[in-house]
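**Student:** please find the sequence and the predicted model below.
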Number of protein chains: 2
Amino acid sequence: MLKFYFAAQTCALASHLALEEAGADYQAMRVDFSKNEQRGAEYLKINPKGRVPALVTDRGILTETPAILFYIAQTHPKANLAPLDDPFAVGKIQAFNSYLCATVHVAHAHKLRGYRWADDEAAIAEMKRKVPETVAACFTLIETEMFAGPFVMGDKFTIADPYLFTLATWLEGDGVDPKLFPKVLAHRNRMAERPAFKKVLAAHS
Amino acid sequence: MLKFYFAAQTCALASHLALEEAGADYQAMRVDFSKNEQRGAEYLKINPKGRVPALVTDRGILTETPAILFYIAQTHPKANLAPLDDPFAVGKIQAFNSYLCATVHVAHAHKLRGYRWADDEAAIAEMKRKVPETVAACFTLIETEMFAGPFVMGDKFTIADPYLFTLATWLEGDGVDPKLFPKVLAHRNRMAERPAFKKVLAAHS
């Protein structure tokens, strides 16, 4: 059975949602960031990066959201979470998820985790100040250039949907009005009604 | 035929190396960052993000290094650039490439592109100051926890190798001594001797 390590209010939500949508056989293991468990000796054996998510499989441990999402899709083909035999369509999903991972999540991280890239308090405060602007710029690109609708990639639910949903739930906290992005907001509202999403969201509250 | 948009001294090198290793039929299109061509109207039609790399296929355009690398592997199976039918092994490659994309490249970007996350000059200078420390921390994890050897994933060359090579060529410029990471440095030296690498590196000089 898969063991899935997550923490509430983190990007691990995306992989958790995908596991549930896939009907995967998994055990969810909560890591308590308020006790700094992610930096503890026990958890660093699971993920030396000290981050979530991490997925323990019978072959070893996987980390990083885009990798875990694609692994879930590849190992649960009946759930149709990605067009596995269409390299271009897979490429579009991976490009979208890479953008979320390396640009959107990174823009957001400058709000609470600026210490990763600066020590000076004034610099960390300046990064925090700019977050609403950088996050809004990312979501403008998603709304106008990337989102096909009604799902991220078009007619079918894929592993891009739980990932966009997850990052879109951070908008208000980042000081960005989600109403500026009506397609993303409607998608967020629709996704929240799916039974698998309801179940997982309850575990993250 | 594929059209591949790149700029010298950028992460586009990784995808360029993979195209050449794959024996792909492609045309390399140079974008001149010194003339800010990546923000020009012509190029924004190719990639609205105003970044490289971008790969124009007969189905449409792909961006983001991890996505392009996997697309090249999937569409050139004879080149054996990824164990396509082994979801766990694919997951390990994608996890490594996601780490390079979202953590290592991002750490590096705070040297010359701090303006993405702050406007204040002092804050941008403070980010730049910390780059040697954050980049060295990333490469310590790669050296001790991730690099299997002799290739990134072990016995076989994969799409993780040109990507690590690319980011490892930035170490000196980031103020980090590559000798601190003997396995990564030996890999960089070995990779530079491959005929495909020599050919592409000449186009990026």
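**Tutor:** Received the coordinates, thanks. Numbering: from 1, shown residues only, chains lettered A, B, ... in the order given.

**Student:** name the helix or strand of chain A that has the lowest mean pLDDT.
**Tutor:** Lowest on mean pLDDT, DSSP states H and E among the helices and strands of chain A sits helix A:41-46, with a mean of 94.

**Student:** how far does the helix of greatest length in chain A sit from its chain's centre?
**Tutor:** Longest helix of chain A, by residue count under DSSP state H: helix A:121-141. Here the centre of helix A:121-141 is set off from its chain's centre by 19 Å, with CA atoms, centre = their mean, to the nearest Å.

**Student:** who's in contact with it?
**Tutor:** Residues outside helix A:121-141 that contact it (CB atoms under 8 Å, 6 or more residues apart in numbering or on different chains) are A:99, A:103-104, A:107-108, A:110-112, A:114-115, A:117-118, A:168, A:170-171, A:174-176, A:180-181, A:184, B:48-49, B:116-120, B:122-123, B:126-127. (Each C-beta comes from the backbone N, C-alpha and C, glycine too.)

**Student:** what pLDDT, on average, does that helix get?
**Tutor:** The average pLDDT for helix A:121-141 rounds to 98.

**Student:** show me what the helix or strand just after it is packed against.
**Tutor:** Reading on from helix A:121-141 to the C-terminus, the next helix or strand found by DSSP states H and E is helix A:160-168. Packing partners of helix A:160-168 (3 or more CB pairs under 8 Å, 6 or more residues apart in numbering or on different chains; DSSP states H and E): helix A:12-22, helix A:65-75, helix A:87-99, helix A:182-192.

**Student:** any bit of the least confident helix or strand of chain A sitting next to chain B?
**Tutor:** No - counting by CB under 8 Å from any CB of the partner chain, no contacts exist between helix A:41-46 and chain B, the nearest distance being 9.9 Å.

**Student:** partner strands of the following helix or strand past that helix, with direction?
**Tutor:** Where DSSP H and E defines the elements, the next helix or strand beyond helix A:41-46 is strand A:54-57. The strands that strand A:54-57 pairs with in its sheet are strand A:2-6 (antiparallel), strand A:60-63 (antiparallel) (by DSSP bridges).

**Student:** which outside residues touch the first one?
**Tutor:** By CB under 8 Å, 6+ apart, the surrounding residues in contact with strand A:2-6 are A:12-13, A:15-16, A:19, A:24-31, A:43, A:46-47, A:52-57, A:204.

**Student:** what's around A:K198, how many residues?
**Tutor:** Neighbour count for A:K198, taken as other CB atoms under 10 Å in any protein chain shown: 11.

**Student:** picking up where we left off before, between helix A:182-192 and the longest helix of chain A, find me the angle.
**Tutor:** Angle, helix A:121-141 to helix A:182-192, by axes from the mean of the first three to the mean of the last three CA atoms, to 10 degrees: 90 degrees.

**Student:** please enumerate residues in contact with stretch A:193-205?
**Tutor:** A:6, A:8-9, A:13, A:16-17, A:20-21, A:28, A:30, A:162, A:165, A:191-192.

**Student:** pick out the lowest-pLDDT one from those residues.
**Tutor:** Among those, A:Q9 has the weakest pLDDT, 89.

**Student:** how close does that one get to A:A203?
**Tutor:** Distance, A:Q9 to A:A203, by CB to CB, to the nearest Å: 12 Å.

**Student:** for A:F33, same thing?
**Tutor:** For A:F33, the distance to A:A203 - CB to CB - is 15 Å.

**Student:** ditto for A:I159
**Tutor:** A:I159 sits 19 Å away from A:A203, going by CB to CB.

**Student:** equivalent analysis for A:K111, please.
**Tutor:** The value you get for A:K111 to A:A203, if CB to CB is used, is 24 Å.

**Student:** these two: who's more crowded?
**Tutor:** A:K111 (20 against 13).

**Student:** check which helix or strand covers the more buried one.
**Tutor:** helix A:105-112.

**Student:** that helix vs helix A:12-22, what angle?
**Tutor:** Going by the same axes, to 10 degrees, helix A:105-112 makes 130 degrees with helix A:12-22.

**Student:** ok, helix A:105-112 near chain B or not?
**Tutor:** Yes - using CB under 8 Å from any CB, helix A:105-112 reaches chain B at A:H105, A:V106, A:A107, A:H110.

**Student:** can you pull the contacts of A:Q94?
**Tutor:** Here A:Q94 is in contact with A:P66, A:F70, B:E64, B:P66, B:A67, B:F70, B:Y71, B:Q94 (CB under 8 Å, 6+ apart).

**Student:** any chance of CSV for the residues you listed, columns distance to A:V90?
**Tutor:** Shown next, in CSV, are those (distance: CB to CB, whole Å):
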residue, distance to A:V90
A:P66, 11
A:F70, 8
B:E64, 12
B:P66, 11
B:A67, 8
B:F70, 7
B:Y71, 7
B:Q94, 11
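
**Student:** distance to A:D85 and pLDDT added to the residues you listed, as JSON lines?
**Tutor:** Putting the contacts of A:Q94 into JSON lines (distance: CB to CB, whole Å; pLDDT from 0 to 100) gives the following:
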{"residue": "A:P66", "distance to A:D85": "19", "pLDDT": "98"}
{"residue": "A:F70", "distance to A:D85": "14", "pLDDT": "98"}
{"residue": "B:E64", "distance to A:D85": "21", "pLDDT": "98"}
{"residue": "B:P66", "distance to A:D85": "19", "pLDDT": "98"}
{"residue": "B:A67", "distance to A:D85": "17", "pLDDT": "98"}
{"residue": "B:F70", "distance to A:D85": "14", "pLDDT": "98"}
{"residue": "B:Y71", "distance to A:D85": "13", "pLDDT": "98"}
{"residue": "B:Q94", "distance to A:D85": "17", "pLDDT": "98"}
